[in-house]
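J.: model this:
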Amino acid sequence: MNLAVNIGEKSYPIILEPGCAQKLPEILQQRFPGKKFVLITNRTIAALYAKLLNSWESQLDLKSFTVPDGEMYKNIETWSSILDFMLGSSLDRTSVAIAFGGGVVGDMTGFAAAVFLRGIDYIQVPTTLLAMVDSSIGGKTAIDHPLGKNLIGAFHPPRLVLVDPQFLDTLSPREFFSGYAELFKHGFVGGREMFKFVQKNHESMLSKNADILLEGIYKSLSVKANIVEQDQFETKGLRALLNLGHTFGHSLERFFNFGDILHGEAVYWGIKCAFETAKQLKLMTPENEATIDSLVSRMKMPNLPGAIDPKKIYEYMFMDKKTESGRLRFIIPVEPGKSVIIPDVPKEVIQSVLSIVFS
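T.: Down below sits the predicted model:
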């Protein structure tokens, strides 16, 4: 099941196939003959897939570097250590970086590739559901800052994305559930057919029905690829729709110091907040509200690490990169499969939403 992100001369393919990771050396030798490779992964993946990594290293001119695992390490210090390793590895501008891991590894590797020698190619080999359906495609690369999430970064699309669903076999239940939030989110921005697919297959995908989950990953990739093709640099408003739930979610992540709550867990809460905002602003017909609620109400809400402070959550929203000229923008569901951008939602509405959702 192959597809592509068509963005002109920087278009790139997505290979979606169970077991395709075994073919990585062959694929890279065909696409990047004679090149040197540098692979970035985290300690968890390096331990789980040591045999696979050894196989890749035996077939490619490849050096590997391991970083700590977790969002809390997606910072300037870890990113700098990646660059230090790359600078000490005798690479040149034709070398290719490989991001082998989840969203944190993919974001940091992509950003390092964007600036190393003023830019080298890289590929994404995502190992988490979140990275497979969201962060590995689109070309957004970044690191976090103490003041907010993904505030330092660049647009730098990969040259190839290799999605092997078999990596999900070693993913923890919590990480799988967190990653599913991004697939679930696409049901509210990817059109009515995507909404119907998620509505029909929600429980089957959560229970890891292999065929249905594979179809869900493919459909989710297609939704994101289609949006990125139309608004690669998020200048037309369309790509911002992919941030449904993220203004609320990013604030939650910062509130809990980017460590105690996973990104997808925060997105679930963000989707619930966005739906409550739509209700308070009366943006849905009664029929659409009931249809959307029939899916939102089936979300199993993750536990929060502790009590939240609504005033702090609201304050942190203004450090989100989706803010424009000091104004908050929210992505709000209005119809099954359709969301819209709403600027300048009154403060009292947001405070009411936070009180209701987190009471």
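J.: CA only for contacts and neighbour counts going forward, please
T.: Noted.
J.: what's near enough to touch the residue nearest the centre of the chain?
T.: The C-alpha lying nearest the average C-alpha coordinate of the chain belongs to residue 135 (CA atoms, centre = their mean; 3.1 Å). With contact taken as CA atoms under 8 Å, 6 or more residues apart in numbering, residue 135 is in contact with 103, 106, 107.
J.: just among those, which is most surrounded?
T.: Highest neighbour count within the contacts of residue 135: residue 106, with 31 neighbours (other CA atoms under 10 Å).
J.: can you list contacts of the helix or strand encompassing it?
T.: In the assignment (DSSP states H and E), residue 106 maps to helix 103-115. Residues from elsewhere that reach helix 103-115 (CA under 8 Å, 6+ apart): 40-42, 70-71, 74, 79, 82-83, 97-100, 119-122, 124, 126, 128, 130-131, 135-136, 139-143, 153-158.
J.: which parts of the protein are strands?
T.: For the chain, strands defined by DSSP state E occupy the ranges 2-5, 12-16, 37-42, 62-67, 96-101, 121-126, 140-145, 148-155, 160-163, 329-335, 338-343.
J.: the longest one pairs with which strands?
T.: Applying DSSP bridges to the sheet, strand 148-155 is found paired with strand 140-145 (antiparallel).
J.: how about the first one?
T.: For strand 2-5, sheet partners with direction are given as strand 12-16 (antiparallel), following DSSP bridges.
J.: equivalent analysis for the fourth one, please.
T.: Here strand 62-67 is paired, per DSSP bridges, with strand 37-42 (parallel).
J.: re earlier: how about the strands of the chain in TSV, adding mean pLDDT, mean neighbour count and distance to residue 199?
T.: TSV is the format used below for the strands of the chain (pLDDT from 0 to 100; neighbours: other CA atoms under 10 Å; distance: least, CA to CA, whole Å):
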stretch	mean pLDDT	mean neighbour count	distance to residue 199
strand 2-5	96	17	24
strand 12-16	98	19	23
strand 37-42	98	22	34
strand 62-67	98	18	38
strand 96-101	98	25	29
strand 121-126	98	26	26
strand 140-145	97	23	28
strand 148-155	96	18	30
strand 160-163	98	26	24
strand 329-335	97	24	14
strand 338-343	96	16	14
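J.: dump those strands to TSV, plus distance to residue 29.
T.: Shown next, in TSV, are those (distance: least, CA to CA, whole Å):
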stretch	distance to residue 29
strand 2-5	19
strand 12-16	16
strand 37-42	11
strand 62-67	12
strand 96-101	11
strand 121-126	13
strand 140-145	25
strand 148-155	26
strand 160-163	13
strand 329-335	42
strand 338-343	42
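J.: run a quick neighbour tally on the closest residue to residue 95 other than its chain neighbours.
T.: Sequence neighbours aside, residue 36 is the residue nearest to residue 95 in space, at 4.9 Å (criterion: CA to CA, 6 or more residues apart in numbering). Around residue 36 sit 19 other residues, with neighbours defined as other CA under 10 Å.
J.: what's near enough to touch residue 36?
T.: Residues near residue 36 by CA under 8 Å, 6+ apart: 60, 61, 62, 91, 94, 95, 96.
J.: in PyMOL, how would I select just the buried ones from those?
T.: Selection of the buried residues among the contacts of residue 36 in PyMOL, burial being defined by 16 or more other CA atoms under 10 Å:
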select buried, resi 60+62+91+95+96
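J.: just name the closest of the contacts of residue 36 to residue 48, please.
T.: Nearest to residue 48 among those: residue 62, at 18.6 Å, using CA to CA.
J.: show me what the closest one is bridged to.
T.: Assigned bridge partners for residue 62, using DSSP bridges, are residue 37.
J.: could you do the one 4 residues further on as well?
T.: Residue 66 has these beta-bridge partners by DSSP bridges: residue 41.
J.: confirm for me that it is in contact with residue 45.
T.: No. Counting by CA atoms under 8 Å, residue 66 does not reach residue 45; the two are 9.0 Å apart.
J.: residue 225: neighbouring residues, count only.
T.: Residue 225: 22 surrounding residues under other CA under 10 Å.
J.: how about residue 19?
T.: For residue 19, the count of nearby residues is 13 (other CA under 10 Å).
J.: with residue 285 instead?
T.: Neighbour count of residue 285, defined by other CA under 10 Å: 12.
J.: so what pLDDT did it get?
T.: Listed pLDDT for residue 285 reads 98.
J.: adjust the sequence numbering to begin at 59 for everything that follows.
T.: Sure, I'll start numbering at 59, so the last one becomes residue 343.
J.: residue 354 contacts residue 330, doesn't it?
T.: Yes. Look at residue 354 against residue 330 with CA under 8 Å: they come within range, at 7.0 Å.
J.: these two: who's more crowded?
T.: Between residue 354 and residue 330, counted using other CA under 10 Å, the more crowded position is residue 330 (21 against 18).
J.: distance of that one relative to residue 369?
T.: Distance, residue 330 to residue 369, by CA to CA, to the nearest Å: 18 Å.
J.: cool, and residue 258?
T.: Distance of residue 258 to residue 369, given as CA to CA: 37 Å.
J.: what sits closest to residue 208 if chain neighbours are left out?
T.: Leaving out its chain neighbours, the residue that sits closest to residue 208 by CA to CA, 6+ apart is residue 202, at 4.5 Å.
J.: likewise for residue 322?
T.: That would be residue 236: by CA to CA, 6+ apart, it lies 4.1 Å from residue 322.
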